Each structure stands twice: as C-alpha cells, then as structure tokens.
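Peer 1: Any chance you can model this:
(one chain, ligands or ions: 2)
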Amino acid sequence: MRTQVAIIGGGPSGLLLSQLLSKRGIDSIVLERKTRKYVLGRIRAGVLEQGLVNLMVEAGVADRMQKEGFVHNGTQIAYGDQMFHLDFTEHTDKPVIIYGQTELTRDLYDARETAGGKIEFNTDHVAIHDANSEKPYVTYSVAGKNRRIDCDFVAGCDGFHGVSRKTIPDTVRREYEKVYPFGWLGVLSETPPVNDELIYSNSDRGFALCSMRNANLSRYYIQCSLSDSPDDWTDQNFWSELKRRIPPDQAANLVTGPSIEKSIAPLRSFVTEPMRWGRLFLCGDAAHIVPPTGAKGLNTAASDVHYLYNGLRQHYEQKDSEGLDRYSELALARVWKAERFSWWFSSLMHRYPDQSEFDLKIQRAELEFLRSNKSAQAAMAINYVGLPY
Ligand code: FAS
Ligand code: PHB
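Peer 2: Ligands and ions are numbered 1, 2, ... in the order given. Next comes the predicted model:
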C-alpha cells in the first residue's frame, strides 16, 4: 500500500489530522491499535479552546459541537468555604466550549467514514522504518496478516504509550518529566451539573473539580492517592468526599446518582524534544502530557495538528518545506507554555503530601491574590482559554 501521510493512532489527534488533510486532497491512512468502540469508551477531556473549535469548523466536523456544546465565559474557583467567578471574556475575546472528547472523537470517526477515509483497526506490531530517510515506511499486522505502507511522511499520533516517540533514537530524543504524587478519581453520572460553570476547588482534604458534558451528564473528579483503585471507592463514598471538598452551598445542591464510569488517571508533566525526526512528526500525547487541571491535553494536541497540517499543506501545495522544518520549534513553543500553566494551576489547586504550613500559607495567599487582582485573573484567563497558535 502507499499513502502520502501514514498516521499512527486513531484518537483525536490522528483523526483530526486525517480529516483536515483529506479536505485538501492529501491522502492518509490511520492505524489504530484498538476498535472504534474501545476508543470511544475512554472518558477524557471536556473543555475545548476556540483554536480547536476553529480546526473542527475547518475540518467540516463542528455542526453537532456547535449545537450541543455549552459556551462558558468563565469558571468558579473555590477554596475553603469561599468561591469566586473568574471571567474569561472580561480579559480575552474568547469563551471555552464544553463538549466531551468522546463526542468530538465520535464526530471525527463519523466524518472519516462518510469521506471514505482509510482507518485500520486492531492493528498490531506497528513499526516505523527509515523515518530519517526520503522513503519511510510502516509495517504492522492485522488479523494475523503482515502489511506495509510506503509513505511520504509519518504522523505519530499514538499517545503516551505508543511506538512513535521511541522511534526517535535515544541519542537524539530528550525527555522532560515531572510525576505528581496523586491521581484524579473521575466519575461520570447521569445527573444535572451542580453549577452552571465548572468549579475548581482547593479544599483542606484535597482538590475537587465539578464539570459536565450536558444538562443531564456530569463529570466530577477528586484528587486521590496513587495507591487507590476505582474499586476502593463506592459511589456513596465518592459523593460524600466530593461534598466535603466543595463549598457547603454547592454541596447542598449536588444531585448524586449511580456512576456510569469511574476511573483513576495518574498525573504527570512530560515533554519530548524534538517533535520531529526526519519524516516522522510526533503529535499530541505521543509528544507531551499535562496534568488535566488546566484542560490543556486535548487542546495542545490540537495546536500540534494545526502546525503539522499547515506544514504538510505548504509542502504539497507550494513545494515549500518551511512549515515542516519549523514544526518542532513552533509546536514546542506553545507546548511548554501549556505545560507551565498546567503545572502552575495544579500547584495552586492541589494539596501535596510534603507541603509545610508555610507552603499552605503561600498557596492561600496566591488564591487570595487571584481572587482580588484583575491582572492575575487576566493572566489565568488568557492561558485557560488558550494562547494563540
Ligand atoms: P490519545 O491517547 O487520545 O490517542 C492515541 C491513540 O493511539 C489511541 O486511540 C491508542 O489506542 C492509539 N495507539 C496507541 N499505540 C498505538 C500503536 N502502537 N499503534 C496504533 N495505535 C496506537 N485532557 C484534558 O484536557 N482534560 C482531561 O480531563 C483529560 N483526562 C484524561 C484522562 C486520561 C486517563 C488520559 C490518558 C488523558 C486525559 N486527558 C485529558 C488528555 C487527553 O484528552 C489527551 O490529551 C488526548 O487524548 C490526546 O489525544 P491524542 O494525542 O490523540 O492521544
Ligand atoms: C472534564 O470535564 O473532564 C475536565 C474539565 C476541566 C479540566 C479537566 C477535565 O481541567
């Protein structure tokens, strides 16, 4: 088989890139290790930056998102019994859109199928060959049959546990990592959201986040120990703990119900440099991970897709390699700013095992400063809604 761009990974990065390329007549094949059903069963992000929305519009896949997504012009920040509204549009010209990654990925799968896009599911043993040559190719097996795809370029969109990143030789690849001493226990419930906006809460028992997917589907998180497993938490224990971590008036409004999904995500900050090696380009979680506190994971994958898509367009349409040559530099410049914001917001909102009394006083002072200072709120709003591409 031959294609122009072999895309490894059928998550949001790979699918969005494939759909954008197809709109410009650039051929690609997506190789996905799992099934569509499995990919859509993973509950992940919920907050979309305008940049990602714009890419979905350009890809022709934004109709349902624009119909069903919630427009949020701010968020609630709670600490102790206090809570304040942090306004986005007062400081930026942008809201955020609340629309689950699951639905966005579903829309992309539907669009690829409608367009006759080539997606291979249940692929095994994917390997990238001669990435640092003019003739890269990918081998893999499906249903026990070995396959080969010759291509012009390879997009490594296969997430943190994929094969693409490790294709870059250890002598070339540099990795930067910070592992957080806690995880997030997430619950999805068919209950109305506790508030019209998201609530990020720093309580003396740990972090909590109240989010949503629609008027009758809520997403809640509490900071938990890395030694916890979802089975350690009954629904009742989860709800009781969540109520202890949000202001009393919010807890009184909380509608509880059976969890329809319960999972624990570890938190890490991670960046690989460079994001390009020869004709292999890393995109999304394959190259970087953020703690989800700042809702930057999916949104930074989107800016990678933007840079790579435009670099490939420039190559094929204008025979100009500048965009591809600058891909790693451009993508990493924005990635590191997202890493910084995600680290900062995580430091502000979580309780760390090694925090001293002094550390707690500083954290409280930072929250008070954010609450009382418009410039501090503007800095947070500008980062939260998404820095320019
Ligand atoms: P993904 O990991 O989504 O997709 C990679 C795809 O590649 C997967 O479908 C995988 O099956 C496939 N793959 C892997 N290896 C392969 C191989 N060898 N061959 C073929 N296919 C292969 N972000 C937020 O903003 N907010 C959140 O709340 C949030 N929660 C998260 C919770 C969890 C548990 C995780 C892991 C991430 C979370 N994220 C969150 C981040 C998440 O949304 C990612 O940023 C987003 O999924 C990135 O998309 P992709 O880069 O496409 O990677
Ligand atoms: C979510 O709704 O899953 C969500 C929202 C905001 C975050 C992280 C996750 O910062």
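
Peer 1: quick one, helices of this structure?
Peer 2: Along the chain, counting by DSSP state H, helices occupy 12-23, 36-40, 50-58, 63-68, 101-114, 164-167, 235-245, 248-253, 297-318, 322-325, 327-349, 357-372, 374-385.

Peer 1: Buried deepest among these, which one?
Peer 2: helix 12-23 (a mean of 26; mean count of other C-beta atoms under 10 Å). Heads up, the C-betas are built off the backbone N, CA and C, glycines and all.

Peer 1: chain center to that one, what's the gap?
Peer 2: Put simply, helix 12-23 sits 16 Å off its chain's centre (C-alpha atoms, centre = their mean, to the nearest Å).

Peer 1: Ligand 1 contacts on this protein?
Peer 2: 8-14, 31-34, 39, 44-45, 101, 123, 126, 157-159, 161-163, 265, 284-285, 292, 295-298, 301 (C-beta under 6 Å from any ligand atom).

Peer 1: Buried subset of these as a ChimeraX selection?
Peer 2: Those of the residues of the chain next to ligand 1 that count as buried under 16 or more other C-beta atoms under 10 Å are selected in ChimeraX with:
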select :8,9,10,11,12,13,14,31,32,33,39,44,45,101,123,126,157,158,159,162,163,265,284,285,292,295,296,297,298,301
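
Peer 1: for stretch 187-202, which positions count as buried?
Peer 2: 187-189, 191-195, 197-202.

Peer 1: Which residue ranges make up each domain of the chain?
Peer 2: Domain ranges of the chain: 5-72+96-177+268-345, 180-267+351-385, per automatic domain parsing.

Peer 1: Between all of the buried residues of stretch 187-202, which two are at the greatest distance?
Peer 2: Maximum pairwise distance among those (C-beta to C-beta): 24.2 Å, between Pro192 and Asn202.

Peer 1: so which of the buried residues of stretch 187-202 comes closest to ligand 2?
Peer 2: Leu198 (5.9 Å; C-beta to the nearest ligand atom).

Peer 1: Low-confidence ranges, this structure, go.
Peer 2: For the chain, no stretch has pLDDT under 70.

Peer 1: Where does it get nearest to ligand 2, residue-wise?
Peer 2: Closest point on the chain to ligand 2, by C-beta to the nearest ligand atom, is Gly46, at 2.4 Å.

Peer 1: That residue and Ala265: what is the separation?
Peer 2: Using C-beta to C-beta, to the nearest Å, Gly46 is found at 13 Å from Ala265.

Peer 1: just Ser203 next, same as before
Peer 2: Distance from Ser203 to Ala265, by C-beta to C-beta: 19 Å.

Peer 1: And for Ala338?
Peer 2: 17 Å.

Peer 1: now do Tyr220
Peer 2: Taken as C-beta to C-beta, the span from Tyr220 to Ala265 is 13 Å.

Peer 1: Name the residues contacting each of those two.
Peer 2: Counting by C-beta atoms under 8 Å, 6 or more residues apart in numbering, the common neighbours of Tyr220 and Ala265 are Gly186.

Peer 1: and the stretch 251-389 of the chain, which of its residues are near ligand 2?
Peer 2: So far as C-beta under 6 Å from any ligand atom goes, the stretch 251-389 of the chain lies against ligand 2 at Pro292, Thr293, Gly294, Ala295.

Peer 1: Show me those residues that map onto strands.
Peer 2: In strands, defined here by DSSP state E, there are no members of these.

Peer 1: so can I have TSV of those showing distance to Val179?
Peer 2: Shown next, in TSV, are these (distance: C-beta to C-beta, whole Å):
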residue	distance to Val179
Pro292	14
Thr293	15
Gly294	17
Ala295	20
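
Peer 1: for the residue in the stretch 101-250 of the chain that ligand 1 sits nearest to, phi and psi?
Peer 2: Of all residues in the stretch 101-250 of the chain, Gly159 sits closest to ligand 1, at 2.7 Å by C-beta to the nearest ligand atom. Backbone torsions of Gly159, given as degrees, to the nearest 10, read phi 70, psi -180.

Peer 1: do you know how far it is from Val142?
Peer 2: Applying C-beta to C-beta to Gly159 and Val142 gives a distance of 19 Å.

Peer 1: And for Phe270?
Peer 2: In terms of C-beta to C-beta, Phe270 sits 30 Å off from Val142.

Peer 1: Keeping just the C-alphas, turn stretch 333-350 into PDB.
Peer 2: Extracted as PDB, the C-alpha positions of stretch 333-350 are listed here (Å, rounded to 0.1, in the frame of the first residue of the first chain):
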ATOM      1  CA  ALA A 333       7.000  26.900  22.000                       C
ATOM      2  CA  ARG A 334       3.200  26.500  22.600                       C
ATOM      3  CA  VAL A 335       3.600  23.100  24.400                       C
ATOM      4  CA  TRP A 336       5.900  24.500  27.000                       C
ATOM      5  CA  LYS A 337       3.600  27.400  27.800                       C
ATOM      6  CA  ALA A 338       0.700  24.900  28.300                       C
ATOM      7  CA  GLU A 339       3.000  22.800  30.500                       C
ATOM      8  CA  ARG A 340       3.800  25.800  32.600                       C
ATOM      9  CA  PHE A 341       0.100  26.800  33.000                       C
ATOM     10  CA  SER A 342      -0.900  23.200  33.800                       C
ATOM     11  CA  TRP A 343       1.900  22.900  36.400                       C
ATOM     12  CA  TRP A 344       1.000  26.300  37.900                       C
ATOM     13  CA  PHE A 345      -2.700  25.700  38.200                       C
ATOM     14  CA  SER A 346      -2.100  22.200  39.600                       C
ATOM     15  CA  SER A 347       0.300  23.700  42.200                       C
ATOM     16  CA  LEU A 348      -2.400  26.200  43.200                       C
ATOM     17  CA  MET A 349      -5.300  23.800  43.500                       C
ATOM     18  CA  HIS A 350      -3.900  20.500  44.900                       C
END
